[in-house]
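Enquirer: my questions are about this predicted structure, shown below with the sequence.
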Protein chains: 2
Amino acid sequence: MAKAEVGWQKYLVEALEGLDSGGLLLSSLDDGGRANAMTIGWASFGVMWGRPTAVVLVRPSRYTFGCIEATGDFAVSVPYPEMADAVKFCGTKSGRNVDKFAECGFTALNVDGVRSPGIAECGLVFFCRVLHRNDVLPPELDRDVQTTCYPSGDYHRFYHGEISVVLADQDFVSRRLQADRQADRRA
Amino acid sequence: MAKAEVGWQKYLVEALEGLDSGGLLLSSLDDGGRANAMTIGWASFGVMWGRPTAVVLVRPSRYTFGCIEATGDFAVSVPYPEMADAVKFCGTKSGRNVDKFAECGFTALNVDGVRSPGIAECGLVFFCRVLHRNDVLPPELDRDVQTTCYPSGDYHRFYHGEISVVLADQDFVSRRLQADRQADRRA
């Protein structure tokens, strides 16, 4: 199914639901020109500096970190429920050792102006250009969050990306509903 | 109309539309226990550290800045279209000189665990507790954003707030639609 450009707000609720149910795929390009994807459960969407923005958090230890630092852009793809195995794979393997696009059978989806490819098999892709970055500051962090999320440091960097383009499958919503129904039948 | 608690994602699209069309109202409590509100056009909603979050940006020069620094919480209220004059007022006056709640006829709306009051006249209110704060870093900022948004410095602080409670009017959506239709007729 072909993808079409949509407004950045159109499927925001679906994107946030994806965060809650398994995660989204954050993709980037390494310095060898190879695409990589990591699973993320945290992100934020809104308006900053008068522009639509997606905020993602990446730990310095992640392979993705160096990729975004180098290209200054990223893509966030919202997977279909039936891609759960691939999402799990991308959340447990490192792009340092594995070609995740190849292993998962992902097809790179590209747009002008953003070097990071999205994932064509996902229903919805946000292509983003980094406008600003800053870091989690341990002294300014809630104590419970500190204990739960950073037992060994490795504090996230925030990337504030301008959402340049959003592409969605033309049957995005109906495919998601269909997949949910199939999962219900299996359960 | 009485307000009821709703899920944080339920009216997110309406909240983001509010950002685009005039702005939202960020309210806080000063050290004299007086409520204050400022109009914001920038904010972000999502999940960080496994919690629903609202991110707001406040310049150090703003009266609101000291309030949030002191209480560690804030509320974000989504006004109805007919509140446009109050929204404009709260975006052009400072709480240092004016009691904006009194001038605008706002009623403080309170919940347990967050000292900052929301605005009862708004249809939807997010009550948030600050989990983390950091700043816009000029060297890490896009050049165009720098020129457009910070000609004289005064760089924003980001407040990452956990959304503790969301209250909405039970007729929130129908009232918004009605107001939009009335505005169309006037236009």
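Expert: Noted; the coordinates are in hand. Residues are numbered from 1 along each chain as shown, chains lettered A, B, ... in the order given.
Enquirer: which strands and helices sit next to the least confident helix or strand in chain A by mean pLDDT?
Expert: Lowest by mean pLDDT, DSSP states H and E among the helices and strands of chain A is helix A:172-186, with a mean of 78. With contacts taken as 3 or more Cβ pairs under 8 Å, 6 or more residues apart in numbering or on different chains; DSSP states H and E, helix A:172-186 sits against helix A:12-20. To be clear about C-beta, it is placed using only N, CA and C from the backbone, and glycine gets the same treatment.
Enquirer: check the offset of the following helix or strand past the helix it packs on from the chain's centre.
Expert: Following helix A:12-20 in sequence order, the next helix or strand is strand A:24-29 (DSSP states H and E). Distance of strand A:24-29 from its chain centroid, counting by Cα atoms, centre = their mean, to the nearest Å, is 5 Å.
Enquirer: thinking again about what came up before, got the angle between the least confident helix or strand of chain A and helix A:12-20?
Expert: Taking axes from the mean of the first three to the mean of the last three Cα atoms, to 10 degrees, one finds that helix A:172-186 is oriented at 40 degrees with respect to helix A:12-20.
Enquirer: buried set for helix A:172-186?
Expert: Going by neighbour count (16 or more other Cβ atoms under 10 Å in any protein chain shown), the buried part of helix A:172-186 is A:172, A:175-176, A:179.
Enquirer: quick check: residues of chain A near chain B?
Expert: A:9, A:12-13, A:16-17, A:19-20, A:41-51, A:53, A:55, A:57, A:130-137, A:140-142, A:145, A:148-149, A:158, A:162 (Cβ under 8 Å from any Cβ of the partner chain).
Enquirer: residues in contact with the least confident helix or strand of chain A?
Expert: Where contact means Cβ atoms under 8 Å, 6 or more residues apart in numbering or on different chains, the residues beyond helix A:172-186 that reach it are A:1, A:11, A:14, A:80-82, A:123-124, A:169.
Enquirer: just the buried members of those residues?
Expert: By neighbour count, with 16+ other Cβ under 10 Å, the contacts of helix A:172-186 hold A:11, A:80-81, A:123-124, A:169 as buried.
Enquirer: possible to save those residues as JSON lines with distance to A:Arg185, secondary structure and pLDDT?
Expert: Compiled in JSON lines, the buried ones among the contacts of helix A:172-186 are given as follows (distance: Cβ to Cβ, whole Å; DSSP: H, G, I helix; E, B strand; the rest coil; pLDDT from 0 to 100):
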{"residue": "A:Tyr11", "distance to A:Arg185": "25", "secondary structure": "coil", "pLDDT": "93"}
{"residue": "A:Tyr80", "distance to A:Arg185": "16", "secondary structure": "coil", "pLDDT": "94"}
{"residue": "A:Pro81", "distance to A:Arg185": "12", "secondary structure": "helix", "pLDDT": "92"}
{"residue": "A:Gly123", "distance to A:Arg185": "20", "secondary structure": "coil", "pLDDT": "96"}
{"residue": "A:Leu124", "distance to A:Arg185": "24", "secondary structure": "strand", "pLDDT": "97"}
{"residue": "A:Asp169", "distance to A:Arg185": "22", "secondary structure": "strand", "pLDDT": "96"}
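Enquirer: ok, back up a step: with distance to A:Phe89 added, can I get the contacts of helix A:172-186 in TSV?
Expert: Formatted as TSV, these follow (distance: Cβ to Cβ, whole Å):
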residue	distance to A:Phe89
A:Met1	23
A:Tyr11	24
A:Glu14	22
A:Tyr80	15
A:Pro81	15
A:Glu82	14
A:Gly123	18
A:Leu124	20
A:Asp169	22
